[in-house]
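# Need coordinates for the below:
(one chain, ligands or ions: 2)
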Amino acid sequence: MWRKRNIILASVKYLFRGMSSKDNKRPFTVVVEGNIGSGKTTFINYFKKYVDVATFAEPVDKWRDVNGHNLLELLYSDTKKAAMTFQSYVQLTMVDIHKRHCSQPIKVMERSLYSARHCFVENLHQNGFLDGPEYAVLDEWYKWLCKKVDVEVDMIVYLRTSPEVALERIKKRGRNEEMEVPLSYLKQLHDLHEKWLCAEKNGISAVPVIVIDGNQILSKMEDDIKRCTQVIMDNKNQSTGDLLMHSNVPS
Ligand code: TTP
Ligand code: MG
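Ligands and ions are numbered 1, 2, ... in the order given. Got it, this is the predicted structure:
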């Protein structure tokens with residue numbers, strides 16, 4: 001029952017190009033995705049106790065201080081002006097984390113180059129904050145990076161959270177820059193995460209997606225996290241192809 005309700009290991013998700021081949025020199029790489037306020041950082045922190053796991057939380061602090069400039073604040077105060085600058089920097093800092101060396105066999109990172117592109121850049125463009133040329137340049141950069149740099153991932157954990165719950169958590173944690181984030185924005189981002197992770201078939205390669213009910217309170221989510229950890233540990237030495245054969249998560 002638990003398996004059906006709270007966690008789904010999607011059988012095959014065709015997501016984006018350039019993520020299929022396994023490079024043995026790279027750690028087994030798990031990216032944690034989900035809306036703003038879905039609990040990604042909390043989820044990542046859980047893995048800190050494992051010696052085999054290197055954790056990388058998102059570099060929000062870097063975005064808030066680029067040579068004294070708070071890009072996150074600029075993004076929310078003048079979105080049209082700051083969108084291109086912000087997303088360029090997000091792309092750079094994400095690639096930096098994808099490429100960051102670690103001695104552990106497993107790497108768990110918050111977000112990825114992929115969600116920045118498929119959710120945030122897409123949304124900013126759809127709302128007219130990134131014009132045609134800006135969107136095209138970001139996309140060219142994205143495609144070049146996917147092709148030329150090893151930014152492949154082996155598994156995605158998706159904290160599927162309702163926009164209402166996400167908003168509640170954003171208000172509670174109180175990051176200054178995000179205090180005016182409207183529910184409509186979170187709904188748009190939610191839909192793009194759903195499209196990207198649960199519906200879209202737009203590429204040639206497959207990455208397994210573990211879906212966790214992010215609406216749960218943390219104490220309830222811990223059971224799911226433990227099982228998810230087991231799946232990651234069990235599969236780090238298998239090929240992605242083997243992993244895709246599972247239709248659900250072993251209890
Ligand atoms: P998130 O990347 O969703 O991180 P979070 O720490 O809010 O999530 P969680 O609570 O699950 O740990 O968003 C961080 C901020 O950066 C948020 O205000 C949205 C913004 N952002 C963009 O505007 N564009 C991007 O490409 C990314 C990745 C984030
Ligand atoms: Mg976070």
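
# So residue 88 sits against residue 138, correct?
Yes: using C-beta atoms under 8 Å, residue 88 and residue 138 qualify as a contacting pair, with a distance of 6.9 Å. For every residue, glycine as well, the C-beta is placed using N, CA and C.

# So these two - more neighbours on which side?
Using other C-beta atoms under 10 Å, the more surrounded residue of residue 88 and residue 138 is residue 138, with 22 against 15.

# Please report the distance of the more buried one from residue 121.
Separation of residue 138 from residue 121 (C-beta to C-beta, to the nearest Å): 6 Å.

# Over to residue 36?
With C-beta to C-beta as the criterion, residue 36 and residue 121 are 15 Å apart.

# between those two, who's got more neighbours?
residue 121 (24 against 20).

# Helix, strand or coil: sort out that one for me.
Counting by DSSP: H, G, I helix; E, B strand; the rest coil, the backbone at residue 121 sits in helix.

# Tell me where the model's unsure across the stretch 151-251 of the chain.
For the stretch 151-251 of the chain, applying pLDDT under 70 flags the ranges 200-205, 218, 236-251.

# Could I get the full set of strands for the chain?
Counting by DSSP state E, one finds strands in the chain at the ranges 7-9, 28-33, 53-56, 106-110, 155-160, 209-213.

# Can you verify my assumption that residue 99 contacts residue 148?
No: with contact defined as C-beta under 8 Å, residue 99 does not count as touching residue 148 (11.7 Å).

# Ligand 1 contacts on this protein?
34, 36-41, 58, 60, 72, 75, 87, 90, 111, 116, 120, 178 (C-beta under 6 Å from any ligand atom).

# Among those residues, the buried ones, what's the ChimeraX command?
Entered in ChimeraX, the line below selects the buried ones among the residues of the chain next to ligand 1, by 16 or more other C-beta atoms under 10 Å:
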select :34,36,37,38,39,40,58,72,75,87,90,111,116,120,178
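
# Which ones, among the residues of the chain next to ligand 1, also lie beside ligand 2?
For ligand 2, the contacts drawn from the residues of the chain next to ligand 1 by C-beta under 5 Å from the ion are 40-41.

# what sits against the nearest residue to residue 164 once chain neighbours are set aside?
Once flanking residues are discounted, residue 164 sits nearest to residue 183: 6.9 Å by C-beta to C-beta, 6 or more residues apart in numbering. Residue 183 sits next to 163-164, 167 when contact means C-beta atoms under 8 Å, 6 or more residues apart in numbering.

# Helices along the stretch 101-250 of the chain, start to end?
113-115, 122-126, 132-148, 163-173, 183-194, 218-235, 240-243 (DSSP state H, counting those that start in this stretch).

# and the shortest one, anywhere near ligand 2?
Right, helix 113-115. No: shown here: helix 113-115 not in contact with ligand 2 (C-beta under 5 Å from the ion), separated by at least 12.1 Å.

# what helices or strands is that helix leaning on?
If you count contacts as 3 or more C-beta pairs under 8 Å, 6 or more residues apart in numbering; DSSP states H and E, helix 113-115 packs onto strand 28-33, helix 79-99, helix 132-148.

# Show me the one of those that comes nearest residue 222.
For these, proximity to residue 222 was assessed by C-beta to C-beta; strand 28-33 is nearest, at 15.2 Å.

# Pull up the residues of the stretch 1-150 of the chain that are close to ligand 2.
So far as C-beta under 5 Å from the ion goes, the stretch 1-150 of the chain lies against ligand 2 at 40-41.

# any low-confidence regions in the stretch 1-150 of the chain?
If you take pLDDT under 70 as the line, the stretch 1-150 of the chain has these spans: 1-24.

# let's go with 80 and repeat that
For the stretch 1-150 of the chain, applying pLDDT under 80 flags the ranges 1-25.

# Nice, that's everything, thank you.
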